[in-house]
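Enquirer: Fold the following for me, if possible:
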Amino acid sequence: MLIPYEPALVAGTLVQRYKRFLADIRLADGRELTLHCPNTGSMKNCGEPGSRVWVKLEQRPGRKLPGTWELVETLPGELACIHSARANSVIAAALAAGLIAPLTGYPVVRREVTLTPGGSRFDFLLEGAPGSCVLEVKSVTLALGGGVGAFPDAVSLRGQKHLRELTQLAQAGQRACLLFCVMHSGIACVRPADHIDPVYGQLLREAVAAGVQVLAWSIIPTPAGLEVAGQLPVLLQGEGSSQT
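Expert: Predicted coordinates for the structure are as follows:
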């Protein structure tokens, strides 16, 4: 299943990313534009100056910047989608098409749901007989080499909070799931980035022990669109241990 880019993306070269949400891009025709960088993370290994990139140019009233940075080539032949909000959109489309087998059988899909007063807002609530499933999605673009990807790419207090609440839900009998949306063509498996956020790694393992289901799904980025590929293993204790 391919979710196309509309309008088509335009190729360029990354000059620099700065102030977190800004990127200077040089297009093939020589123009240098300041575009929106839609990623709140560190973008480790995805923001090297001189990298080949693809951008979505949009001119419309009220828009401050003329476009959005979408893809980057991290290594020859490897592409990553750095637009982190695309993760929820592509997973929503995949759920509607029944492409995520462990999460089928829920006819109602609600987005951006808060279950308890003062609690986190989760990405999805899947509903249907005989019950429901709380689903939180995380975008993965950090490639460590050898096909291994990791999350998060910076210390994530918000991610830690999500894990604590998912654990509490699972302990109370609610089906709870964390899905790593892997938007990097060079990643074949995912593990917690203990070297970056050891607390997140520990909380992830505690969540699994409490019954939280952890999945990883491969989304192959191309300049034509995002292709839903299939399930990837999640490594929790090392290369010999995984959860699917």
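
Enquirer: tell me the contacts of Val134?
Expert: Val113, Leu115, Phe122, Phe124, Leu125, Leu126, Leu166, Leu169, Gln174, Arg175, Ala176, Cys177 (C-beta atoms under 8 Å, 6 or more residues apart in numbering). Every residue, glycine included, has its C-beta placed from N, CA and C.

Enquirer: Restricted to helices, list the residues you listed.
Expert: Leu166, Leu169 (DSSP state H).

Enquirer: Lowest-confidence one in the contacts of Val134?
Expert: Lowest pLDDT among these: Leu115, with 88.

Enquirer: Could you report the neighbour count for it?
Expert: 14 (other C-beta atoms under 10 Å).

Enquirer: about what we covered before: between the contacts of Val134, which is nearest Ile82?
Expert: Phe124 (22.1 Å; C-beta to C-beta).

Enquirer: Distance from stretch 198-218 to the middle of the chain?
Expert: Centroid separation between stretch 198-218 and its chain, computed with C-alpha atoms, centre = their mean, to the nearest Å, is 15 Å.

Enquirer: okay, it in CSV with CA atoms only?
Expert: Coordinates of each C-alpha in stretch 198-218 appear next as CSV, following Å, rounded to 0.1, in the frame of the first residue of the first chain:
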residue,chain,number,x,y,z
PRO,A,198,18.1,4.5,29.7
VAL,A,199,15.0,5.4,31.7
TYR,A,200,12.9,4.9,28.6
GLY,A,201,14.5,1.5,27.9
GLN,A,202,13.8,0.3,31.5
LEU,A,203,10.2,1.5,31.3
LEU,A,204,9.7,-0.2,28.0
ARG,A,205,10.8,-3.5,29.4
GLU,A,206,8.6,-3.0,32.5
ALA,A,207,5.7,-2.2,30.2
VAL,A,208,6.2,-5.5,28.3
ALA,A,209,6.4,-7.4,31.5
ALA,A,210,3.1,-5.8,32.6
GLY,A,211,1.4,-6.9,29.4
VAL,A,212,1.8,-4.0,27.0
GLN,A,213,2.1,-5.2,23.5
VAL,A,214,5.0,-3.6,21.6
LEU,A,215,5.0,-3.8,17.8
ALA,A,216,7.2,-2.3,15.0
TRP,A,217,6.0,-1.7,11.5
SER,A,218,8.2,-0.8,8.5
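
Enquirer: Please identify the buried residues of it?
Expert: 200-201, 203-205, 207-208, 210-218 (16 or more other C-beta atoms under 10 Å).

Enquirer: go on, stretch 164-178?
Expert: Glu165, Leu166, Thr167, Gln168, Leu169, Ala170, Gln174, Arg175, Ala176, Cys177, Leu178.

Enquirer: Serialize the contacts of Val134 to a markdown table and add fields for distance to Leu65.
Expert: Listed next are these as a markdown table, based on distance: C-beta to C-beta, whole Å:
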| residue | distance to Leu65 |
| --- | --- |
| Val113 | 31 |
| Leu115 | 35 |
| Phe122 | 30 |
| Phe124 | 29 |
| Leu125 | 33 |
| Leu126 | 35 |
| Leu166 | 35 |
| Leu169 | 38 |
| Gln174 | 41 |
| Arg175 | 41 |
| Ala176 | 37 |
| Cys177 | 35 |
